[in-house]
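Engineer: Provide a 3D model corresponding to the input given below.
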Amino acid sequence: MKRYIKCEERLVLYHTFLHQRKDACFRLCLLNTSFLRGVIMDMLRRVGLVSLLVLSTVLFAEAQPANVMPRYKNFLNQHVYGDMAESWCTSEIRSREITDGNSNNCKKVNTFIRATKEQVKAVCSVATGDNISGQPFSVVTCKLKSGERRPNCEYKKGEKSNRYIRIACDQGWPVHYNEGYIVVG
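Structural biologist: All right, here's what the predicted structure looks like:
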């Protein structure tokens, strides 16, 4: 898209900010805030969404308190997988190295929330502490079939259900899954 900008009674043709003429007229245009706004908006239209997503991801990571980050990452590893299937319990728990606490013991029950991390984080937008989701989530609950210590943990086929999930939140970030309430009806 070509755009003409009037500057000092002359027209400056430009394609992108990097290809602007570097004459006196262009330098004067840079001082004009409406000109800058136009250039920035044009750049956003061209590379906008990708750049905006990268920037928001960086800001999102920066906004997370350092003391919460390890607990949040552990929560995501143990409980959030949007594409989880009932038949993947053993392989998924094994590949994610999920155990009972800080031990090497097999976890007796583990629930995967079939959603994005953003959808799960939204449950914590209300307050710190235990929060219950406003809408049900699809979950897969995996129960231990055999084995006591990793890597010998074998799980039954998971049980898929819809639940209002209950999550412990710290400063707006999910850090612990506290089961949920099955949706009846």
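
Engineer: Relative to the longest strand seen in the chain, what are the paired strands and their orientations?
Structural biologist: Longest strand in the chain, counting residues (DSSP state E): strand 159-170. Here strand 159-170 is paired, per DSSP bridges, with strand 129-132 (antiparallel), strand 137-146 (antiparallel), strand 173-182 (antiparallel).

Engineer: what's around residue 109, how many residues?
Structural biologist: By the criterion of other C-beta atoms under 10 Å, residue 109 has 11 neighbours. Where C-beta positions appear, they are placed from N, C-alpha and C, glycine not excepted.

Engineer: Who are the contact partners of it?
Structural biologist: 141, 142, 143, 144 (C-beta atoms under 8 Å, 6 or more residues apart in numbering).

Engineer: which of those tops the neighbour count?
Structural biologist: Counting by other C-beta under 10 Å, top hit in the contacts of residue 109: residue 142 with 25 neighbours.

Engineer: Give the buried residues for the longest strand of the chain.
Structural biologist: Residues of strand 159-170 classed as buried: 162, 163, 165, 166, 167, 168, 169, 170 (neighbour count, 16 or more other C-beta atoms under 10 Å).

Engineer: re the thing from before, reformat the strands paired with strand 159-170 as JSON lines; add distance to residue 80.
Structural biologist: Listed next are the strands paired with strand 159-170 as JSON lines, based on distance: least, C-beta to C-beta, whole Å:
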{"stretch": "strand 129-132", "distance to residue 80": "15"}
{"stretch": "strand 137-146", "distance to residue 80": "10"}
{"stretch": "strand 173-182", "distance to residue 80": "8"}
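
Engineer: mind putting these in a markdown table, mean pLDDT and distance to residue 117 included?
Structural biologist: What follows is the strands paired with strand 159-170, written out as a markdown table (pLDDT from 0 to 100; distance: least, C-beta to C-beta, whole Å):
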| stretch | mean pLDDT | distance to residue 117 |
| --- | --- | --- |
| strand 129-132 | 88 | 15 |
| strand 137-146 | 97 | 12 |
| strand 173-182 | 86 | 8 |
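
Engineer: nearest to residue 67, of those?
Structural biologist: strand 173-182 (10.2 Å; C-beta to C-beta).

Engineer: And the closest one, what's buried?
Structural biologist: Neighbour-count burial for strand 173-182 flags 173, 174, 175, 177, 180 (criterion: 16+ other C-beta under 10 Å).

Engineer: Give me the contacts around it.
Structural biologist: Contacts for strand 173-182 (C-beta under 8 Å, 6+ apart): 64-65, 68, 71-72, 74-75, 78-79, 111, 113, 120-121, 123-124, 130, 132-133, 137, 139, 161-169.
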